[in-house]
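[1] Here is my input; please provide its structure:
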Amino acid sequence: MTKLVSVLTICKCLFLSFFTVSSAVADSNLTFTGGAKQSAYIPSIIVPILTEAFKRIDVQFNAEYNPAARSLKLSNSGDFDGELHRSKNFQEASGGGYANLKRIEFPFLTMSTAAYSKKDFKINSWDDLKGKSVAFKRGRKKVQKILSEKLDPSLITPVTTDLQAFKMVALGRVDVAISATIEGKKLIASNPELAEINQTGIIEQYDVYSYLNKKHEVLLPMLVESLKEMQRDGTLSEIVKKVEVLYHSEH
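    Numbers count the residues shown, from 1 in each chain. Now for the predicted structure:
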């Protein structure tokens, strides 16, 4: 009798677990927020990948743009269901203030952070920025934290867009702009007034991850397996190639 009760208890737990996951998946329509417009490189890669990955577990996926700092608040509060793109260790850089966001353990792409200037600098690390005035796009928590540790506050200028940071360099208002390499190259190529600006060095490389609000934490294992399956069957590489061809043809 005891063994029978134990078996029934285990079966009940498994059933309830399966029912909970199935219900969460069946009823889900999730919307992530991100701090870059969807025409930008990173979201243009991540959005179609997540759309397909969620589709494979019967979840409809959507994404919206919000300014970077606001995006984090919205995703962490649960007003949105996840954060579209952040570095692997952004939680540490932000002082752990976004505990409701759970990393989806799958790196979507590797990005480079670079320094750009009109001056003949060689900047290959954060330390090389010491004594220089720097502009960067507001909301990039890691960049903000590192700059605040390396530079006097008077040398740091947060701005709304990468283009504004580059224009400040072009006008001589700051020495350096900090940006992702792919965005920096695009801006210089498409804006004649930035023609004198050059990439002065790669500061770091980092992997980009998405984050799910903990209220949907039950979906994490299935979502990661869905992404791995896409990697195995070639769907992921097909999406990336298609997006990159389109992105570069438009820029």
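
[2] rest of the way, CA atoms for contacts and neighbours
    Fine.

[3] In the protein, where is pLDDT below threshold?
    1-27, 248-251 (pLDDT under 70).

[4] Go ahead and flag the most central residue of it.
    Nearest to the mean C-alpha position of the chain, by C-alpha atoms, centre = their mean, lies His85 at 1.7 Å.

[5] Please report how far that residue lies from Gly201.
    Using C-alpha to C-alpha, to the nearest Å, one gets 24 Å for the distance from His85 to Gly201.

[6] Asn100 too?
    35 Å.

[7] and Phe136, that one's in a strand?
    Yes: counting by DSSP: H, G, I helix; E, B strand; the rest coil, Phe136 is part of a strand.

[8] Burial check on it, number of neighbours?
    Phe136 has 25 neighbours, counted by other C-alpha atoms under 10 Å.

[9] Likewise for Gly234?
    Gly234: 11 neighbours (other C-alpha under 10 Å).

[10] list the helices and strands whichever strand or helix holds Ile188 packs on?
    Here Ile188 sits within helix 181-190, counting by DSSP states H and E. Helix 181-190 sits against strand 109-117, helix 162-170, with contacts defined as 3 or more C-alpha pairs under 8 Å, 6 or more residues apart in numbering; DSSP states H and E.

[11] For Thr235, which of those is the nearest?
    strand 109-117 (14.9 Å; C-alpha to C-alpha).

[12] what about dumping the CA coordinates of that closest one to PDB?
    Taking Å, rounded to 0.1, in the frame of the first residue of the first chain, the C-alpha atoms of strand 109-117 are listed here in PDB:
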ATOM      1  CA  LEU A 109      26.100  36.500 -31.100                       C
ATOM      2  CA  THR A 110      29.500  38.000 -30.200                       C
ATOM      3  CA  MET A 111      30.000  41.700 -30.400                       C
ATOM      4  CA  SER A 112      32.900  44.100 -30.100                       C
ATOM      5  CA  THR A 113      33.100  47.400 -28.300                       C
ATOM      6  CA  ALA A 114      35.400  50.000 -29.900                       C
ATOM      7  CA  ALA A 115      36.700  53.500 -29.500                       C
ATOM      8  CA  TYR A 116      36.300  56.100 -32.200                       C
ATOM      9  CA  SER A 117      38.200  59.400 -32.500                       C
END
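
[13] Buried residues, that strand. List them.
    Met111, Thr113, Ala114, Ala115, Tyr116, Ser117 (16 or more other C-alpha atoms under 10 Å).

[14] in the sheet, who's paired with the fourth one?
    Going by DSSP bridges, Ala115 is paired in beta bridges with Ile178, Gly201.

[15] Same question for the first one.
    Beta-bridge pairing of Met111 under DSSP bridges involves Tyr206.

[16] Contacts only, for it.
    If a contact means C-alpha atoms under 8 Å, 6 or more residues apart in numbering, then Met111 has Ala180, Thr181, Gln205, Tyr206, Asp207, Val208 as its contacts.
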